[in-house]
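Asker: Here is the input, now give the coordinates:
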Amino acid sequence: MVIMQDYGVSVSFYKAPYLVDIDVVHGKRILELEDISGNGNSWLNADVLSFNTGHWWDYMESKGSYYHDIDRLVALEKGLRTWANWVDKNIDRSKTRVFFQSISPTHYNPSEWSVGAASTTTKNCYGETTPMSGTAYPGAYPDQMRVVDAVIRDMSSPAYLLDITMLSELRKDGHPSIYSGDLSPQQKANPDRSADCSHWCLPGLPDTWNQLFYYALFY
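Answerer: Numbers count the residues shown, from 1 in each chain. Next comes the predicted model:
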């Protein structure tokens, strides 16, 4: 928690990558797809809540059954609906503003930004140094975002959607593994093994997300 005493403001980061609770059963982490009370207790009484999630993997529990692997979109929707129901039931929207930042896209396949093109030099965003031009991304709209859109639309009091997905799709140059000094060129170009195409840690794009959030808060 960061406390800014001069302004009477505190900011907390609460790490719950899947939003729903996680239990440990027989030494394995289990996502409780219908339970969020453990995490939710830490979110009560805030003036502003900003959530995000999107890239899912783990063992999962649903309605008393344990699954080593189920369809990620099915699991994502179950977890998001648990979150949405919790927000609708527990958050007084006259006192607390609720935001949800949309899915940050991956750039594993160059055909996403150059439809039909075959690349002989890279399998992912390695080697890409400039953003896409224009305002439309030629690749497919992320399936995760269709789930997010549907869940938020069904909330009795929908969260404010900070939609950073499309503008981030255009930034095929913004992933950190491209610039890592720890990986060889062969490793950087291999998203299945080494390269990181799901995170955004470079200056520029995350700053834009923050600027949009600031605008939504105060304008």
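
Asker: tell me how far stretch 200-219 is from the chain's mean position?
Answerer: Relative to its chain's centre, stretch 200-219 lies at 14 Å (Cα atoms, centre = their mean, to the nearest Å).

Asker: ditto for stretch 35-53
Answerer: That offset, for stretch 35-53, works out to 16 Å (Cα atoms, centre = their mean).

Asker: and for that stretch, what are the contacting residues?
Answerer: With contact meaning Cβ atoms under 8 Å, 6 or more residues apart in numbering, stretch 35-53 is reached by 12, 14, 16-21, 76, 79-80, 82-83, 86-87, 90-91, 95-104, 159, 162, 213, 217. To be clear about C-beta, it is placed using only N, CA and C from the backbone, and glycine gets the same treatment.

Asker: rerun at 6 Å
Answerer: 14, 16, 19-21, 82-83, 86, 96-101 (Cβ atoms under 6 Å, 6 or more residues apart in numbering).

Asker: Go through the helix or strand of the chain with the lowest mean pLDDT and flag the buried ones.
Answerer: Lowest mean confidence among the helices and strands of the chain (mean pLDDT, DSSP states H and E): helix 185-188, at a mean of 76. Buried residues in helix 185-188, counted by 16 or more other Cβ atoms under 10 Å: Lys188.

Asker: Tell me the buried residues in the following helix or strand past it?
Answerer: Next helix or strand after helix 185-188 toward the C-terminus (DSSP states H and E): helix 205-218. Neighbour-count burial for helix 205-218 flags Leu205, Pro206, Trp209, Phe213 (criterion: 16+ other Cβ under 10 Å).

Asker: still on that earlier bit, distance from the chain centre to the least confident helix or strand of the chain, please.
Answerer: With Cα atoms, centre = their mean, you get 25 Å for helix 185-188.

Asker: And stretch 23-43, by the same measure?
Answerer: 18 Å.
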